[in-house]
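Turn this into a structure:
(chains A, B, C and D)
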2 protein chains.
Amino acid sequence: MSVTIKDVAKKAGVSPSTVSRVISKHPRISKETVERVTRVMEELGYHPNSLAKGLVSKATRILGVILPRPAEELFQNYFFHEVLRGLLAQANRSDYDILIASGTSESDELETVKRLVRGRRVDGVILLSSKMKDPLIAFLNESRFPFVIIGRSQDFPDVPTVDNDNVQAACDATRHLINQGHVRIGFVSGPRELTVSQDRLAGYRKALQEAGLEVSEDWIVEGEFLQETGYRAMSVLMSLPERPTALVVIDDIVAYGVMHGLNELGYSVPQDICLVGFNNLPMSEHTSPPLTSVDIGAYQIGYMTAQTLIKVIAKEPLHQNRILIPHRLVVRGSSVK
Amino acid sequence: MSVTIKDVAKKAGVSPSTVSRVISKHPRISKETVERVTRVMEELGYHPNSLAKGLVSKATRILGVILPRPAEELFQNYFFHEVLRGLLAQANRSDYDILIASGTSESDELETVKRLVRGRRVDGVILLSSKMKDPLIAFLNESRFPFVIIGRSQDFPDVPTVDNDNVQAACDATRHLINQGHVRIGFVSGPRELTVSQDRLAGYRKALQEAGLEVSEDWIVEGEFLQETGYRAMSVLMSLPERPTALVVIDDIVAYGVMHGLNELGYSVPQDICLVGFNNLPMSEHTSPPLTSVDIGAYQIGYMTAQTLIKVIAKEPLHQNRILIPHRLVVRGSSVK
DNA sequence: TCCCTCCGTGCAATCGTTACCACAACGAAT
DNA sequence: ATTCGTTGTGGTAACGATTGCACGGAGGGA
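Numbers count the residues shown, from 1 in each chain, chains lettered A, B, ... in the order given. This is a model prediction of the structure:
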């Protein structure tokens, strides 16, 4: 049996109510009582039962994170890790814990969220998803349950989201290459259906158009968030009659594949081809040459998401629904000759 | 207001007790009642309040995962991710959720665990740690609270742990190199104070001794779980008068650094130097040459840990305290000429 | 026909905490 | 001296579920 508020009350010679008031720092408790009760609590190693507390206060102080389903998970590795660190940091600062959940199928996922929400297991939900999870969003929206999406949701414009400006990020990356004198710039994309792919592609197009440069559809190759994609894309692009001299690549991991392939074919980076990636993976500092990359601030995304969700839970007003985390172009050897 | 057991009871024309019994599949409830109540529950979208349920049953159906502190976190990236996937999979199968927590300092960490344990926020705890967390272990042991350690704990031989046999894994890796005809084999280690480093080093030594080969202390280099370590270790080893022809490297990420360095100096893998790494990171398949690596089954570690903890919580007997997950040597181009 | 058993269900206490209301004690104002 | 407001504290009813006990009714054996 663990020690309850009654045990503390008995030992301190007061009523449970008084102990409760000491815990919640009620103003009208005498200094001596506060001291005595506090001492007893420490002596007994008392910690309030979160279940009982939650039952009456209708709050668990737990934030639920819904992970992407396994299939999409692979490329999320580093991104997810950083986001989670940010979430944890901010949640802990505000005395929240993090519960993670995932479903194996779409309906399963919805069931899980329903259980968490209706069963009052969490106070708010974070949707960490690459693909759109419309049924989930619809459910949460309808239930008026606090939630925040990491990423974008085109179908529900008024739910709070935390994201980075992928259009601008890709635009900056492309401009950087243009400023280095490139005029034939290619793009290696992820799956088209992902908004992250769409947005980065749009930013790439925007930068080229602004500079009055040609956009050749031949120079745009689609794939997965895998090294193979980079490898394949590279061989496609390098066999073109008029091939690009620089590439914007959807993710560093894909860029590694490109570098690997170029290496094998005897091309050298940055002399023959310049590269810019995304996500600034730790390893990008140590490739040869080091990879220029757009750091999208995954940690800060997590941090801001937790902060935003906590605000929503507290019913504090948000001055903006769509929060954008600033990115940072980290220029390294792969893009400057 | 959310829908409670009373709402269901009223609408179904029964008492709350009956509804509760339907939920817990009590045998002595008539078939018709079960059907009617079940239907009403679905109509109303009822999900039992986990707080109230937990309060009376004294169980939360939540497993707490204590993460390593930030400083140690870096190298854990992929390993952690895989372990978490395994934990989630098994936890979900048994209707448990996963709560993750971390502390910023050691005392903070202990405070967090105390809060989770004493406050009955979780039913059991998983210690995911590289460094030993003795105060935590001591506290949990003393509280007789269900917990499982991922990794090893030399100071508390009778707490359940899930781990891989790092000694055997390193031994296998080293033997593989010996079988390839190498006699001068080096070892690039992680921090000495980590048991994983110690164990792998021991396995390396064991294999060499069994083969009657010399172990030169010059061939053992210590570092971090970073590419730089590999890079530095490589330059140290290659400048020795009598240098090794093969290396066992504590982690794939470090091996990448070694490969990078060898490349720069004009050496080639596997012709000049053969390499074996650990953890079988996804990228190891795509390096040039692909990296031979010991897959330690991180996913299974997570899976088995959750399974074990759930058994401990249910007070089921464990037939063994120390569970070893089998490893698998994945031979690729970096170790065969 | 009576009694016993078993089935299906309801009642009420309980889990540990919070929050509202009440109330005693005391000093200050009338 | 009476009234009033303030301060510090206790009593008690929730919160939403579970569970042991009780009880009415049906069925079977004597």
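
number of nearby residues for A:T292?
Residues near A:T292, counting by other C-beta atoms under 10 Å in any protein chain shown, number 27. Backbone N, C-alpha and C define where each C-beta goes, glycine included.

I'd say it and A:S334 touch.
Yes. Using C-beta atoms under 8 Å, A:T292 is in contact with A:S334, at 4.9 Å.

Spit out the contact partners of the residue in the stretch 201-337 of chain A that DNA strand D sits nearest to.
Closest residue of the stretch 201-337 of chain A to DNA strand D, C-beta to the nearest atom of the strand: A:I313 (17.4 Å). Applying C-beta atoms under 8 Å, 6 or more residues apart in numbering or on different chains to A:I313 gives the contacts A:A59, A:D123, A:G124, A:P146.

Run through the residues that contact the last one.
Contact partners of A:P146, counting by C-beta under 8 Å, 6+ apart, are A:D123, A:G124, A:V125, A:L309, A:V312, A:I313.

same deal with the third one?
Applying C-beta under 8 Å, 6+ apart, one finds that A:G124 lies in contact with A:L63, A:G64, A:F145, A:P146, A:F147, A:V148, A:L309, A:I310, A:V312, A:I313.

Tell me what the fifth one is bridged to.
Note on A:F147: beta-bridge partners by DSSP bridges are A:V125.

what sits against it?
A:F147 touches A:G124, A:V125, A:I126, A:L127, A:L140, A:V159, A:P160, A:L309, A:V312, counting by C-beta under 8 Å, 6+ apart.

Just name the shakiest helix or strand of chain A by mean pLDDT.
helix A:70-73 (a mean of 51; mean pLDDT, DSSP states H and E).

Which SSE is immediately downstream of that one?
helix A:77-93 (DSSP states H and E).

returning to what we had before: need the contacts of A:I313 in a markdown table (columns: pLDDT and distance to B:T33).
Shown next, in a markdown table, are those (pLDDT from 0 to 100; distance: C-beta to C-beta, whole Å):
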| residue | pLDDT | distance to B:T33 |
| --- | --- | --- |
| A:A59 | 95 | 34 |
| A:D123 | 97 | 34 |
| A:G124 | 97 | 36 |
| A:P146 | 97 | 36 |
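
Going by distance to chain B, which of these wins?
Among those, A:A59 lies closest to chain B (C-beta to the nearest C-beta), at 9.3 Å.

Not counting sequence-adjacent ones, nearest residue to the closest one?
A:D123 (5.4 Å; C-beta to C-beta, 6 or more residues apart in numbering or on different chains).

wait, that neighbour sits on A:G54?
No. With contact defined as C-beta under 8 Å, A:D123 does not count as touching A:G54 (9.1 Å).

who touches both of the two?
Common neighbours of A:D123 and A:G54 (C-beta under 8 Å, 6+ apart) are A:T60, A:R61.

any idea how far the residue nearest to A:A59 is from DNA strand D?
For A:D123, the distance to DNA strand D equals 15 Å [C-beta to the nearest atom of the strand, to the nearest Å].

Looking at the contacts of A:F147, which is nearest DNA strand D?
Closest to DNA strand D, out of all of these and judged by C-beta to the nearest atom of the strand, is A:G124, at 18.0 Å.

now the closest one, nearest residue through space, not along the chain?
Nearest one to A:G124, counting by C-beta to C-beta, 6+ apart, is A:P146 at 3.8 Å.
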